[in-house]
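**Student:** my questions concern the predicted model and sequence given below.
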Amino acid sequence: MPDMRNMDYYMKTKREESELAQLNESFLNKDLPAGTPMHERIAAKCDEIKALLVEKNKKYGNSAIQPLRIFSRSSPIEGILVRCDDKLSRIRETGIRNDGEDQVLDLIGYLVLLSIHNEI
């Protein structure tokens, strides 16, 4: 009888490899013509992250760096780190893309907010 724990790991690893291949393909094909130089792809991705963060900041305000502190008294850094942990957990459990949400972009966004907080 096969060890199901190993089978689960194998299936999850295969799924992750497949998702990674799809992610790599999506990076190469993301709204840019074939042959677009890498430095232009990097600039486009950074613009996408910038737009996401600005949109969320308009929607939620500065809640990551200036939380309301109604229920939690944790520091803004701790709050951002908890959100990063949550994103990493979601990526591990459901994959990179879940319900149309790009978990990687969200994680990058939180890391940018952490970097900004560290400069204040």
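**Tutor:** Here it is on my side, so go on.

**Student:** OK, contacts around Q103?
**Tutor:** K87, R90, I91, T94, G95, I96, R97 (C-beta atoms under 8 Å, 6 or more residues apart in numbering). For the C-beta atoms, the positions are set from N, CA and C on the backbone; glycine is no exception.

**Student:** shouldn't the first one be within a helix?
**Tutor:** In other words, K87. Yes - with DSSP: H, G, I helix; E, B strand; the rest coil as the criterion, K87 is part of a helix.

**Student:** thought it was touching I108?
**Tutor:** No - using C-beta atoms under 8 Å as the test, K87 is too far from I108 to be in contact (9.5 Å).

**Student:** returning to that earlier point: by neighbour count, which of the contacts of Q103 wins?
**Tutor:** Highest neighbour count within those: K87, with 20 neighbours (other C-beta atoms under 10 Å).

**Student:** give me the pLDDT for it.
**Tutor:** What the model reports as pLDDT for K87 is 92.

**Student:** that one and E55: what is the separation?
**Tutor:** 17 Å (C-beta to C-beta, to the nearest Å).

**Student:** three-state assignment of the residue nearest the centre of the chain?
**Tutor:** Centroid-nearest residue in the chain: V104, 2.3 Å away (criterion: C-alpha atoms, centre = their mean). Assigned by three-state DSSP, the conformation of V104 is helix.

**Student:** how about it: what's its closest non-neighbour residue?
**Tutor:** I96 (5.7 Å; C-beta to C-beta, 6 or more residues apart in numbering).
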